[in-house]
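In: can you look at this prediction? I've put the sequence above it.
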There are 2 protein chains.
Amino acid sequence: MDSATSRFTDRMGLIFEAEGQPPIAGRIFGYLLVSDDPRSLDQLAGALAVSKASVSTNARRLAEMGMLERVCRPADRHDYYRVAPDLFSRTMAERLRRWQRFTQAVGEARRTLPIRSERVRARLRGYESAYAYIVGEIGEALERWEHASAGGRHNGWLAQNGGRR
Amino acid sequence: MDSATSRFTDRMGLIFEAEGQPPIAGRIFGYLLVSDDPRSLDQLAGALAVSKASVSTNARRLAEMGMLERVCRPADRHDYYRVAPDLFSRTMAERLRRWQRFTQAVGEARRTLPIRSERVRARLRGYESAYAYIVGEIGEALERWEHASAGGRHNGWLAQNGGRR
DNA sequence: GCCAACGTTTAGTACGTATTGAATGTATGA
DNA sequence: TCATACATTCAATACGTACTAAACGTTGGC
């Protein structure tokens, strides 16, 4: 692996670590993100210079999260991994899942805690409302995007907007 | 603090921990979330049974992230904290900030890494496009929500949709 | 001008967990 | 049936860091 790619995978490791996940998971993901073909556990362990045990555990973990896909070839006993084809919506789904844990706790607090203050209850209700609203809007926006993608007319979006808004 | 609230703050601690932040930060946030009045560092330390040093550090950290607000009262040397008034958009902004770190790494990888495969480059471009799109859509949706909130007609949203979609 | 009451900083500790090498399990081919 | 080549599991370790107690700095009151 060239040094630029190595820096990238390490950076991904740091990002994942800051999100509460094992650094190696991030490095695996980063490496597969810039890999064309699926990679075997041995290839990953070799490229990232980590033990195969870690690769096995963390790759499976990422697959369970939906960010990686395990692919088996006929007449080949290796396990291969690649980034999920619909990577964007997968990462989005993962983000929303985490956020939902948070919002769910807020909802249960509102329902079960002995809260006297009406202002606090309104605060919690307001948060839940806003969350439900934004999740709905995101879902619709995602549908529009995928519909447009299917039509093949989405390629110019980044260029048109210069990659920022 | 009653036991139900204690369970809630502990749960918030676990959630924050899973997101790569100190558990105490989550407990502070949870406690303030269900508190009406702003709380002083001593009150927080007492209620959560943790050292004042931790409260000081973590509360400041949360304030820097934008989720808490520090409020000073005249003729009172205590520092008080409360959850940010526009809590929802703050947490949303924090989520997007974290996601952006990820997407930014993807963008720099596409620009600086020696990627031969056109398929990989298209994958990265596609991800960036989708991210830019969804961030824009979220921003617009948020504006609509805040506009509707200002009009005071958002209170029925949760009830209409049963809190889920 | 000293004392008290704050918040902050820091060195040290204790805890959690990511990572590893070895052990285990399993299927395939000879 | 044995041996090999996989993936997985497990116990042990090493590392990071959250948390604390104590020291520090600062402000306001008597």
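Out: On my side now, so go ahead. Being a predicted model, the structure only gives us computed values, none of them experimental.
In: check which residues of stretch A:1-19 are buried.
Out: A:5-6, A:8-9, A:11-13, A:15-19 (16 or more other C-beta atoms under 10 Å in any protein chain shown). Heads up, the C-betas are built off the backbone N, CA and C, glycines and all.
In: nearest to B:Asp76 among those residues?
Out: A:Ala18 (36.0 Å; C-beta to C-beta).
In: the closest one contacts B:Glu19, doesn't it?
Out: No - using C-beta atoms under 8 Å as the test, A:Ala18 is too far from B:Glu19 to be in contact (9.1 Å).
In: who's in contact with the most far-flung residue of chain A relative to its centre?
Out: Distance from the C-alpha centroid of chain A peaks at A:Arg116, with 38.7 Å (C-alpha atoms, centre = their mean). By C-beta atoms under 8 Å, 6 or more residues apart in numbering or on different chains, the contact list for A:Arg116 reads B:Asp36.
In: ditto for A:Cys72
Out: Neighbours of A:Cys72 in contact, by C-beta under 8 Å, 6+ apart: A:79-80.
In: for it, what are phi and psi?
Out: phi -110, psi 130 (degrees, to the nearest 10).
In: now the helix or strand A:Val120 falls within: buried residues?
Out: Assigned by DSSP states H and E, A:Val120 falls within helix A:118-150. Judged by neighbour count using 16+ other C-beta under 10 Å, the buried positions of helix A:118-150 are A:120-121, A:123-135, A:137-138, A:141-142, A:145, A:149.
In: if we can go back for a sec, out of the buried residues of stretch A:1-19, which one sits closest to DNA strand C?
Out: Distance to DNA strand C, by C-beta to the nearest atom of the strand, is smallest for A:Gly13 among those, at 6.8 Å.
In: show the contacting residues for A:Arg123.
Out: So A:Arg123 contacts B:33, B:83, B:87 (C-beta under 8 Å, 6+ apart).
In: okay, it: pLDDT?
Out: pLDDT, A:Arg123: 97.
In: so of the contacts of A:Arg123, which ones are in strands?
Out: Counted as lying in strands by DSSP state E, out of the contacts of A:Arg123, are B:Val83.
In: including pLDDT, could the contacts of A:Arg123 go into CSV?
Out: Converted to CSV, those look like this (pLDDT from 0 to 100):
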residue, pLDDT
B:Leu33, 98
B:Val83, 97
B:Leu87, 95
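In: show me the contacts for the residue nearest to A:Ala63 when sequence neighbours are not counted.
Out: Take A:Ala63 and drop its neighbours on the chain: the residue closest to it by C-beta to C-beta, 6 or more residues apart in numbering or on different chains is A:Arg70, 5.2 Å away. Listed by C-beta under 8 Å, 6+ apart, the contact partners of A:Arg70 are A:59-60, A:63, A:79-81.
In: those residues also near DNA strand D: which ones?
Out: Among those, proximity to DNA strand D is found for A:59-60, A:79 (C-beta under 7 Å from any atom of the strand).
In: generate a ChimeraX selection restricted to the buried entries among those residues.
Out: In ChimeraX, a selection of the buried entries from the ones next to DNA strand D among the contacts of A:Arg70 looks like this (16+ other C-beta under 10 Å):
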select /A:59,79
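In: export the ones next to DNA strand D among the contacts of A:Arg70 to JSON lines and tack on distance to chain B, secondary structure and pLDDT?
Out: Output for the ones next to DNA strand D among the contacts of A:Arg70, formatted as JSON lines (distance: C-beta to the nearest C-beta, whole Å; DSSP: H, G, I helix; E, B strand; the rest coil; pLDDT from 0 to 100):
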{"residue": "A:Ala59", "distance to chain B": "18", "secondary structure": "helix", "pLDDT": "97"}
{"residue": "A:Arg60", "distance to chain B": "18", "secondary structure": "helix", "pLDDT": "97"}
{"residue": "A:Asp79", "distance to chain B": "21", "secondary structure": "strand", "pLDDT": "92"}
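In: among the ones next to DNA strand D among the contacts of A:Arg70, which one lies nearest to DNA strand D?
Out: A:Asp79 (4.0 Å).
In: for chain A, give me the ranges with low pLDDT.
Out: Applying pLDDT under 70 to chain A flags the ranges A:151-165.
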